[in-house]
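**Student:** A predicted structure for the sequence below; I have some questions about it.
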Amino acid sequence: MRIKTNSGFVLLEALIAVGLLILFLGSLGTLFLLNLRGTSLISNANQADLLARGNLEALRTVDFDDLALINPAHLVFSGASWTTAAGSETGEVFTKTVRVKEVQRDAGCNVVASGGTADPDSKFIESEVSWTDALDRNHQTLLIGLITRWDDPQGPCFAPSAAANLVFHIDGTWWYGHKQLREVYLENTGSSPIIISFVTFAWDNENEIEQVFINSTKIWSKTGPGSPSGDQHSGTRLDVQDYSINSGTTVNMNKTQFEGYMNGSTLTLTLEFSDGSIFTSAPFTPY
């Protein structure tokens, strides 16, 4: 009589079970390592983002004139403030780089990639943090900002308008010989010259205007310079000979001549400047 045994099958099943366990443990280990690497990657990415943001904000604290166009550079804390120095800063994990770049603008003051004019009042700032992971793959976080010198602009794009820089002084305005307006003062409080291109007087009677002087310069007259020619009624826009008022300078519209008796008249003055801005005075009544 033959007795059947299952010992061979038992051994085979045991070997298969061990193999499956090894595969499972291997997969588990692989998943653990992948998870570890993923966690490390996320952690590094988050830390890189914080470092990049911190460096960008630090760049914003540097005085505009001290931000030289450097590429690449890194930040240095000196005394109680940040400054920049050439070259990147390399640490154990991260390489930190900041850059200061030129901004170009077109004739309409729009930022352009090329073909524009360098803006003296704007700079691009960049903060980059890079690192290499365990698989020798490169990663990078890059943040870009734009800073502008609002407090003392040197170019035309951010300078206050000519009209905004004008102060109109009429405290001592009076009539000489009943027909000549005297002592109207125009002050340029800005950092750049302002240029008057058009003048419009409006008043409340039928007399006509004949000529306009600033300091000793005749900027419009019924016989020239300027246009239109001939005596002009209230509200006529006079295309005057352009007149420039230097920065920090006050000039006197010391003679505006009318054809007839003007005592008691109330006037307004509108000035149009070469930058397109317009100033209109409140009504005033000279004595």
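**Tutor:** Structure's in. What do you need?
**Student:** is it true that residue 143 touches residue 51?
**Tutor:** No - assessed by C-beta atoms under 8 Å, residue 143 is found out of contact with residue 51, at 10.0 Å. C-beta here means a position set from N, CA and C on the backbone, and glycine is covered the same way.
**Student:** name the element residue 242 belongs to?
**Tutor:** Using DSSP states H and E, residue 242 sits in strand 237-245.
**Student:** in that strand, what counts as buried?
**Tutor:** Going by neighbour count (16 or more other C-beta atoms under 10 Å), the buried part of strand 237-245 is 238, 240, 241, 243, 245.
**Student:** likewise stretch 115-125?
**Tutor:** Using 16+ other C-beta under 10 Å as the test for burial, stretch 115-125 gives 116, 119, 120, 121, 122, 123, 124, 125.
**Student:** that older thread, residue 263: which of the buried residues of strand 237-245 is nearest?
**Tutor:** Of all the buried residues of strand 237-245, residue 238 has the smallest distance to residue 263: 22.6 Å, by C-beta to C-beta.
**Student:** mean confidence (pLDDT) on the strand holding residue 242, please.
**Tutor:** For strand 237-245, mean pLDDT is 98.
**Student:** I'd like the next helix or strand past that strand.
**Tutor:** Following strand 237-245 in sequence, per DSSP H and E, is strand 250-253.
**Student:** only alpha carbons, please: show that following strand as CSV.
**Tutor:** This file holds the C-alpha atoms of strand 250-253, laid out as CSV (Å, rounded to 0.1, in the frame of the first residue of the first chain):
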residue,chain,number,x,y,z
THR,A,250,9.8,131.4,-9.3
VAL,A,251,9.0,133.6,-12.3
ASN,A,252,6.8,136.7,-12.6
MET,A,253,4.0,137.1,-15.2
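**Student:** helix or strand next in line after that strand, which one?
**Tutor:** Following strand 250-253 toward the C-terminus (DSSP H and E): strand 255-258.
**Student:** same for that following strand, what does it pack against?
**Tutor:** strand 180-182, strand 209-214 (3 or more C-beta pairs under 8 Å, 6 or more residues apart in numbering; DSSP states H and E).
**Student:** contacting residues around that strand?
**Tutor:** Contacts with strand 255-258, where a contact means C-beta atoms under 8 Å, 6 or more residues apart in numbering, come from 179-182, 184, 201, 203, 207-213.
**Student:** quick one: mean pLDDT for it?
**Tutor:** pLDDT averaged over strand 255-258 gives 98.
**Student:** listing partners with orientation, what would you give for it?
**Tutor:** When pairing is defined by DSSP bridges, strand 255-258 lines up against strand 180-182 (antiparallel), strand 209-214 (antiparallel).
**Student:** quick check: next helix or strand after that strand?
**Tutor:** strand 267-273.
**Student:** show me what that following strand is packed against.
**Tutor:** So strand 267-273, by 3+ C-beta pairs under 8 Å, 6+ apart, packs with helix 162-165, strand 194-203, strand 278-280.
**Student:** for the second one, which positions count as buried?
**Tutor:** Think strand 194-203. Buried positions in strand 194-203, judged by neighbour count with 16+ other C-beta under 10 Å: 194, 196, 197, 198, 199, 200, 201, 202, 203.
**Student:** most widely separated two among those residues?
**Tutor:** 194 and 203, at 24.6 Å, using C-beta to C-beta across those.
**Student:** for residue 106, phi and psi?
**Tutor:** Main-chain dihedrals, residue 106, degrees, to the nearest 10: phi -90, psi -170.
**Student:** isn't it up against residue 114?
**Tutor:** No - Residue 106 is beyond contact range of residue 114, at 10.4 Å (criterion: C-beta under 8 Å).
**Student:** residues contacting residue 272?
**Tutor:** Applying C-beta under 8 Å, 6+ apart, the residues near residue 272 are 196, 197, 198, 199, 200, 237, 278.
**Student:** one more time with 6 Å, if that's ok
**Tutor:** Going by C-beta atoms under 6 Å, 6 or more residues apart in numbering, residue 272 touches 197, 198, 278.
**Student:** picking that back up, dump the helices and strands packed on strand 255-258 to CSV, plus distance to residue 270.
**Tutor:** Putting the helices and strands packed on strand 255-258 into CSV (distance: least, C-beta to C-beta, whole Å) gives the following:
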stretch, distance to residue 270
strand 180-182, 15
strand 209-214, 13
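**Student:** ranking those strands by burial, who's on top?
**Tutor:** Compared across the helices and strands packed on strand 255-258, strand 209-214 shows the largest average neighbour count, a mean of 22 (mean count of other C-beta atoms under 10 Å).
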